[in-house]
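1. Here is my input, please return the structure:
(one chain, ligands or ions: 2)
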Amino acid sequence: MKIVLGIESSCDETAAALVTSGRAILAQRIASQDEAHRPYGGVVPEIAARAHAERLAPLIEGTLIDAGMKLDQVDAIAATAGPGLIGGVMVGLVTAKALAMATGKPLIAVNHLEGHALSPRLADASLEYPYLLLLVSGGHCQILLVEGVGRFRRLATTIDDALGEAFDKSAKVLGLGYPGGPALERLALEGDARKVALPRPLAGSAEPHFSFAGLKSAVLRAKQSMDQAAVAYSVADIAASFQQAAIDCLMDRLRRAFVGLGSVNALVVAGGVAANKAIRAALETLAAEQGLAFIAPPLELCTDNAAMIAWAGVERLGMGQSDPLDVAARPRWPLDPQAEAVRGAGVKA
Ligand code: KG4
Ligand code: ZN
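-> Ligands and ions are numbered 1, 2, ... in the order given. Reported below is the predicted structural model:
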């Protein structure tokens, strides 16, 4: 059995975890920076990088203490090497290089998106390749055919905003603060999704991709109308209508992706937005309709964490892979390098 130390620092969570090849999470610690970024209504890269630099080393130390382990007992050190905010990525990757150098253990440079994409396999030992993955986070919205470690076929992506970004920006417009996704989901429970007519961008379109910019703008217009005159809907109704429109877009695009798709073992969701219970419920219904198992990682493995990075490390180590000490930190790092570029390409604005 192998034990991998995982390090995550690509956005606003500083995280470390120890995961075994037997799928046990021996220990994990996460330091969220929500408070530091809240006054700005979004992640400030410079603040994030400084916070990672301050917190990461003690966090790793604490994770080892929680597991009752010494650093030289781990078999490899895995860290996010991109994509993400480059200052933070460098803090995590350079820390991992130093630890690998000091211990003589292999270094594994993990693609953060691969961490999300393989996290369902950490949670569920029965999940075999290939599977159809909806990857929905703050920076990405993609449908991927996952054929193996490092083997991804991107079937669809967003031509403008990522879904998490649309949740966060809509939440901001509705005055829900930061981070907005979870707050919008809570408010939507109190609203009526039929009250506000919002668009379903690209639904029914022959091209496979997503678009959320028009939906986000429609939320802004609905809120502005409300501020200017009496209307027959509430902020909660806008939240519920937004969430339903987003779900309808996801279902429409996934149904299209299933057309002509070869045999897959499951419909899988991953990434921060996969924490949304209404989206999970809709995906479960869609999977049943397609005669497929539906697999979603537990909520704490959906949002950014280091256990998923350690697990991607476990999978790569198992294939005899590791990286040299001069491996680069990458602000952009597509899972499927063959995929054609589309407008926006789902990169955070
Ligand atoms: O994967 P993640 O933690 O970070 C990135 O790699 O982007 O995803 C964060 C995104 C944010 O946009 C956040 O608002 C969204 O996931 N999110 C949610 C929920 N929980 C997190 N969106 C909708 N509903 C939720 N419950
Ligand atoms: Zn992420």
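2. number of nearby residues for Glu13?
-> When neighbours are defined as other C-beta atoms under 10 Å, Glu13 has 21 of them. The way it works is simple: take the backbone N, C-alpha and C, and place the C-beta from them, glycine included.
3. Same check on Lys97?
-> 20.
4. Which strand or helix spans it?
-> In this structure, Lys97 sits in helix 86-103 according to DSSP states H and E.
5. three-state assignment of the residue nearest to Asn305 when sequence neighbours are not counted?
-> Computed as C-beta to C-beta, 6 or more residues apart in numbering, the closest residue to Asn305 that is not its neighbour in sequence is Ala15, at 5.4 Å. Classification of Ala15 by DSSP: H, G, I helix; E, B strand; the rest coil places it in strand.
6. For Ala15, give its distance to Ala31.
-> When distance is defined by C-beta to C-beta, to the nearest Å, Ala15 is 7 Å away from Ala31.
7. Name the residues contacting each of the two.
-> Counting by C-beta atoms under 8 Å, 6 or more residues apart in numbering, the contacts common to Ala15 and Ala31 are Leu59.
8. Which residue of those two possesses the greater neighbour count?
-> A side-by-side neighbour count of Ala15 and Ala31, using other C-beta under 10 Å, places Ala15 first with 30 against 18.
9. which residues does the more buried one contact?
-> 6-9, 28-31, 59, 304-306, 309.
10. Now with 6 Å, please.
-> For Ala15, the contact set (C-beta atoms under 6 Å, 6 or more residues apart in numbering) comprises 8, 30, 305-306.
11. which two in those are spaced the farthest apart?
-> Farthest pair in the contacts of Ala15 (C-beta to C-beta) is Glu8 and Ile30. Separation: 8.3 Å.
12. Looking at those two, which one has more neighbours?
-> Between Glu8 and Ile30, counted using other C-beta under 10 Å, the more crowded position is Glu8 (31 against 18).
13. Quickly list what the more buried one is bridged to.
-> Judged by DSSP bridges, the bridge partners of Glu8 are Ala15.
14. Now do it against Asp227, distance only.
-> Counting by C-beta to C-beta, the separation of Glu8 from Asp227 is 39 Å.
15. what domains does the record give for the protein?
-> Here the domain parsing of the chain from automatic domain parsing is 3-119+301-348, 129-296.
16. who wins for proximity to ligand 1 among the ones you listed?
-> Evaluated with C-beta to the nearest ligand atom, those place domain 129-296 nearest to ligand 1, the distance being 2.0 Å.
17. For Gln73, list the residues it contacts.
-> By C-beta under 6 Å, 6+ apart, the contact set of Gln73 is empty.
18. and the gap between it and Ala162?
-> As for Gln73, its distance to Ala162 is 38 Å (criterion: C-beta to C-beta).
19. where are the low-confidence patches of the stretch 1-150 of the chain?
-> Scanning the stretch 1-150 of the chain for pLDDT under 70 picks out nothing.
20. and it, which residues reach ligand 1?
-> Applying C-beta under 6 Å from any ligand atom, we find that the stretch 1-150 of the chain lies next to ligand 1 at 11, 137-139.
21. I'd like to know which of these is nearest to ligand 2.
-> Ser137 (4.4 Å; C-beta to the ion).
22. The closest one reaches Ala166, doesn't it?
-> No. Ser137 lies out of contact with Ala166 (C-beta atoms under 6 Å); the separation is 11.7 Å.
23. Same drill for the two, tell me which one is more crowded.
-> Neighbours were counted for Ser137 and for Ala166 using other C-beta under 10 Å; Ala166 has more, 31 against 26.
24. Surely the more buried one forms part of a strand?
-> No. Ala166 is assigned helix when assessed by three-state DSSP, not a strand.
25. Contacts only, for the residue positioned nearest the centre of the chain.
-> Residue closest to the mean C-alpha point of the chain, counted by C-alpha atoms, centre = their mean, is Gly271 at 2.6 Å. Applying C-beta under 6 Å, 6+ apart, we find Gly271 in contact with 116, 135-137.
26. Identify the residue spatially nearest to the residue in the stretch 201-349 of the chain that ligand 2 sits nearest to, adjacent ones excluded.
-> The stretch 201-349 of the chain approaches ligand 2 most closely through Asp304 (4.4 Å), counting by C-beta to the ion. Computed as C-beta to C-beta, 6+ apart, the closest residue to Asp304 that is not its neighbour in sequence is Glu13, at 4.4 Å.
27. Now the residue of the stretch 201-349 of the chain closest to ligand 2: which helix or strand?
-> Following DSSP H and E, there is no helix or strand that holds Asp304.
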